[in-house]
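Participant: Coordinates for the following, if possible.
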Amino acid sequence: MHCNNVCKQYVAKSNTLEGGRYEQGQKRCPECEVFISWEGLWCPCCGRLLRTKPRARKLKNRLSLSRR
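Facilitator: Sure, this is the predicted structure:
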């Protein structure tokens, strides 16, 4: 499982006016180290599970408040 650079087609742009990346529905691939706009659970490039929630407690709290 390594990056084949297929994910570069799906790289998501950041828009701070609409909130955080996870709030916008973007997902992060830990192998490719990019945020992508992808509907699936697995990275189209390397096949790893995409992260859909932030790791930092402060950002987790902000995400849970925005989803209410």
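Participant: alpha carbons only for contacts and neighbour counts from here, please
Facilitator: Will do.
Participant: Run through the residues that contact the residue positioned nearest the centre of the chain.
Facilitator: The chain has residue 27 as the residue nearest its centroid, 1.6 Å off, counting by Cα atoms, centre = their mean. Each residue near residue 27 by Cα atoms under 8 Å, 6 or more residues apart in numbering is listed here: 21, 35-38, 50-52.
Participant: cutoff 7 Å now
Facilitator: Contact partners of residue 27, counting by Cα atoms under 7 Å, 6 or more residues apart in numbering, are 35-37, 50-52.
Participant: Quickly list what it is bridged to.
Facilitator: residue 36 (DSSP bridges).
Participant: What distance do you get for it to residue 8?
Facilitator: Distance from residue 27 to residue 8, counting by Cα to Cα, to the nearest Å: 13 Å.
Participant: same check, this time on residue 64
Facilitator: In this view, residue 64 and residue 8 are 29 Å apart by Cα to Cα.
Participant: More neighbours: which of the two?
Facilitator: It is residue 8, of residue 64 and residue 8, that has more neighbours when counted by other Cα atoms under 10 Å, with 14 against 11.
Participant: Just say helix, strand or coil for that one.
Facilitator: helix (DSSP: H, G, I helix; E, B strand; the rest coil).
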